[in-house]
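Asker: sequence? don't have it. structure:
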């Protein structure tokens with residue numbers, strides 16, 4: 001069965017069909033994409049503010065990582081459960097609850113006056129985002145005619161790229177003009193608009209009604225959290241220390257137990273049967289390794305512009321735009337091209353550009369380098385990301401029946417968020433192991449090996465893309 005046929009397939013089983021009034025397609029796209037933009041924005045909105053937050057809250061490098069990873073790990077751990085709750089209670093209802101939780105946690109983040117409080121608030125933000133990201137794509141797919149779905153997903157990917165693009169810029173502008181706390185306050189008016197818009201423009205729908213696999217969620221969450229914790233503490237405690245090795249061992253056992261349980265339980269949170277689809281499996285390998293390499297690099301490079309080059313947060317955010325803004329433009333174009341050239345061609349091209357750009361950056365970014373010399377590599381990375389976002393999202397749903405769209409999307413989003421958390425932890429660990437310090441010379445010298453590790457990760461994703469089924473159409 002081709003991907004086009006699969007996406008045309010009606011919901012089966014006990015899944016309730018979507019119910020909603022007729023609304024313009026652009027309004028449905030906006031209603032699904034605006035909350036997703038808010039959640040995506042918060043993946044990177046802190047990056048430009050990290051040096052300021054570090055000084056204000058007296059945070060360590062490890063705590064800087066947890067400001068991001070508390071969000072991404074909570075996001076990743078609970079996304080699958082959120083999709084299951086959407087199937088049972090209504091996807092639009094859970095989507096709106098997620099927006100509300102996210103907004104309240106944003107207020108708590110803005111009011112934090114210690115590093116610990118901010119980390120905790122960011123984790124709650126991740127809980128809200130877990131209900132937003134996978135359900136936004138599912139609700140969009142249900143609201144848009146099949147003939148327009150590839151284009152709609154391309155726009156959805158472009159909005160995701162917009163969140164990536166504007167994260168450092170908005171963060172920098174707000175920190176320079178107001179304070180770092182204001183980067184969280186801006187989520188509140190977005191949520192106020194997003195909730196009634198979703199209620200009006202998106203129909204309610206449900207999927208398969210099955211029990212929630214709480215032990216599976218706990219095992220997956222424990223495995224990922226302990227693995228990231230061990231990586232973050234590896235340099236300080238020693239990679240051969242009993243604490244780090246023991247934690248890594250427990251993490252591996254938890255993840256193995258998770259896979260075994262998912263294969264045996266009647267209500268898996270991550271159905272292993274989905275991985276029988278080569279398109280789905282390849283897309284998830286790409287999602288993990290691409291996110292690890294690229295977003296781990298973004299974490300380090302956003303601080304490079306301030307620490308090494310001396311730019312203000314806003315100046316640094318603006319100078320990331322050749323990289324971060326390109327997906328906003330390229331992703332919708334990729335959505336249009338996908339039915340014509342196929343997903344594999346776009347993915348291979350995009351990942352090749354990204355891996356090449358990271359190697360280029362590794363040898364260009366050093367103390368004394370001028371910003372114009374960096375622009376071609378930054379732009380290449382951005383175009384590559386834009387060619388990856390929409391095709392990978394389309395490949396995830398290509399062989400899935402309609403009632404599995406929410407689960408398939410949440411599995412992919414979970415794996416990508418795990419990749420982001422691992423990327424920040426692993427590349428920072430490489431940076432610190434190379435003698436990296438928060439000084440111009442110490443930062444620049446240790447950045448190269450970290451970027452090369454990021455390039456290696458994206459290369460693994462490139463090899464996986466070559467295995468994408470041929471003639472795969474959007």
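Answerer: Arrived safely. These figures come from a predicted structure and were not determined experimentally.

Asker: for the stretch 151-300 of the chain, which spans come out with low pLDDT?
Answerer: 157-158, 160-162, 164-165, 207-211 (pLDDT under 70).

Asker: what's the helix or strand hosting residue 235 in contact with?
Answerer: Using DSSP states H and E, residue 235 falls within helix 214-237. Helix 214-237 has contacts (CB atoms under 8 Å, 6 or more residues apart in numbering) with 62, 65-66, 69, 73, 76-78, 80-81, 243-244, 247-248, 250-255, 257-258, 261-262, 265, 268-270, 418, 421-422, 425-426, 428-429, 432-433. Heads up, the C-betas are built off the backbone N, CA and C, glycines and all.

Asker: mind giving me the domain split of the chain?
Answerer: Listed by automatic domain parsing, the domain ranges of the chain are 3-8+16-212+267-465, 213-266.

Asker: just those domains: most buried one?
Answerer: domain 3-8+16-212+267-465 (a mean of 22; mean count of other CB atoms under 10 Å).

Asker: off-centre distance for that one?
Answerer: In terms of CA atoms, centre = their mean, to the nearest Å, the centre of domain 3-8+16-212+267-465 is found 3 Å from the chain centre.

Asker: now do stretch 241-248
Answerer: For stretch 241-248, the gap between its own C-alpha mean and the chain's C-alpha mean amounts to 28 Å (CA atoms, centre = their mean).

Asker: ok, stretch 262-273 next?
Answerer: Put simply, stretch 262-273 sits 23 Å off its chain's centre (CA atoms, centre = their mean).

Asker: span of that stretch from start to end?
Answerer: Terminal residues of stretch 262-273 lie 10 Å apart, using CA to CA, to the nearest Å.

Asker: please apply the same query to stretch 332-351.
Answerer: End-to-end distance of stretch 332-351 (CA to CA): 17 Å.

Asker: now stretch 304-321
Answerer: 15 Å.

Asker: likewise stretch 312-329?
Answerer: Start-to-end span of stretch 312-329 (CA to CA) is 26 Å.

Asker: what's the average pLDDT for it?
Answerer: Stretch 312-329 shows a mean pLDDT of 80.

Asker: cool, stretch 365-383 as well?
Answerer: Across stretch 365-383, pLDDT averages out at 86.

Asker: which residues touch it?
Answerer: Applying CB under 8 Å, 6+ apart, the set of residues contacting stretch 365-383 is 294, 301, 304, 308-309, 319-320, 322-327, 330, 350, 353-354, 356-358, 360-361, 364, 440-441, 444-445, 447-448, 451.

Asker: please apply the same query to stretch 179-199.
Answerer: Applying CB under 8 Å, 6+ apart, the external contacts of stretch 179-199 come out as 27, 30-32, 34-35, 37-38, 41-42, 45-46, 49, 52-53, 56, 92, 95-96, 99-100, 102-103, 106-107, 109-111, 139, 170-171, 174-175.

Asker: the helix holding residue 235: what's the following helix or strand?
Answerer: helix 242-264.

Asker: ok now that next one, how far from the chain's centre?
Answerer: On CA atoms, centre = their mean, the centre of helix 242-264 falls 23 Å from the chain's centre.

Asker: which strands and helices sit next to it?
Answerer: On a contact count with 3 or more CB pairs under 8 Å, 6 or more residues apart in numbering; DSSP states H and E, helix 242-264 meets helix 214-237.

Asker: tell me what angle the helix it packs on forms with helix 242-264.
Answerer: Angle, helix 214-237 to helix 242-264, by axes from the mean of the first three to the mean of the last three CA atoms, to 10 degrees: 160 degrees.

Asker: chain center to helix 214-237: distance?
Answerer: Centroid separation between helix 214-237 and its chain, computed with CA atoms, centre = their mean, is 18 Å.

Asker: so which of the contacts of stretch 365-383 belong to helices?
Answerer: 294, 301, 304, 319, 322-324, 326-327, 330, 350, 353-354, 356-358, 360-361, 364, 440-441, 444-445, 447-448, 451 (DSSP state H).

Asker: now residue 265: phi and psi?
Answerer: Phi and psi for residue 265, reported as degrees, to the nearest 10, are phi -80, psi 150.

Asker: surely residue 286 meets residue 466?
Answerer: No - Residue 286 is beyond contact range of residue 466, at 10.6 Å (criterion: CB atoms under 8 Å).

Asker: could you measure the spatially most central residue of the chain against residue 424, distance?
Answerer: Per CA atoms, centre = their mean, the C-alpha nearest to the average position across the chain is that of residue 417, at 4.6 Å. Here residue 417 is placed at a distance of 11 Å from residue 424 (CB to CB, to the nearest Å).
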